[in-house]
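# with the input below, show me the fold.
(one chain, ligands or ions: 1)
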Amino acid sequence: MSAKSSHVVMVVEDEEAFIDALVVGLRREGFGVEVARDGAEALTNFDRVNPDIVLLDVMLPKVSGTDVCREIRKKSQVPIIMVSAKGTEIDTVVGLEVGADDYIVKPYRIRELIARVRAALRRSSVAESGAPANGVSSINVGDVTIDPEQHVVTVRGQVTKLPLKEFELLYVLVANAGRVMTRDTLIDRVWGSDYYGDTKTLDVHIKRLRSKVEVDPARPTAILTIRGLGYKFERSP
Ligand code: CA
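Numbers count the residues shown, from 1 in each chain. Okay, the predicted model is just below:
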């Protein structure tokens, strides 16, 4: 991550009651907080603030949260958590489609929100360069264990050799197990945001990973296809 001593959260929110609670709650946890009160202000201030994470209300004056998310994604992979007054499946899908990392529904508990913020920051530091960060201990989900320092993947007890990009893709999926990763996010994190190659590359890598990870690659239970969105590593297949 950056050399900043504390992470800066950009809070994009138009309801004063939520702003007050967030500013107090986040500062108490050691975060820096910058508030934007509408979508236009968020976009104007984004570069100057250079936040480590964005907390983005969906219903905003001037420019909607989804449009703000879309605009930010054109230039930045900063973690974005969308916040909505009423959670609906549609909102969640739209949020993920425009590139949000996570989604939380109002009213939320500040503890829950801070836990999500920390989780999103952790994931982004792991996936920042596409490569696992040094010092991250091994992670295990279902049949798969990954040791990022040793660059070793173990599937059902068998050490499995993976080429670099397959390793990185599997790492991003497993590190985010249980959540849908959009195609764009996966391509950005593994191949880089300047990748303009064939997006079929992703599917080919997924197929290769399945042949190594799945008990039955024709009927995947670990690496799931989420139609129209991307892929998800199942937490408990
Ligand atoms: Ca609002």
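# going forward, measure contacts between C-alpha atoms and count neighbours the same way
Noted.
# which parts of this protein sit against the ion?
59-60 (CA under 5 Å from the ion).
# sketch out the low-pLDDT regions of the chain for me.
Where the chain drops to pLDDT under 70, the residues are 1-5, 86-96, 126-136, 193-198, 237.
# who does the residue of the chain positioned farthest from its centre form a beta bridge with?
The centre of the chain is farthest from one residue, Q158, which by CA atoms, centre = their mean lies 29.0 Å away. Taking DSSP bridges as the rule, Q158 bridges to V155.
# roughly how far does it sit from T66?
Q158 sits at a distance of 43 Å from T66 (criterion: CA to CA, to the nearest Å).
# contacting residues for the residue nearest the centre of the chain?
The centroid of the chain falls nearest to D101 when counting by CA atoms, centre = their mean (3.6 Å). By CA atoms under 8 Å, 6 or more residues apart in numbering, the contact list for D101 reads 79-82, 120.
# can you give me the buried ones in the helix ranked longest in the chain?
Across the chain, the helix with the greatest residue count (assigned by DSSP state H) is helix 110-127. For helix 110-127, the neighbour count (16 or more other CA atoms under 10 Å) marks 113-114, 116-117, 120-121, 123-127 as buried.
# repeat for stretch 207-214
For stretch 207-214, by 16+ other CA under 10 Å, it's 207, 209-210, 213-214.
# quick one: which of those residues sit in strands?
Per DSSP state E, strands hold no members of the buried residues of stretch 207-214.
# residues contacting stretch 28-40, please?
6-14, 19, 23, 26-27, 42, 45, 49, 60-65, 68.
# go again using 6 Å as the cut-off
Identification of contacts with stretch 28-40 by CA atoms under 6 Å, 6 or more residues apart in numbering yields 6-14, 42, 60-64.
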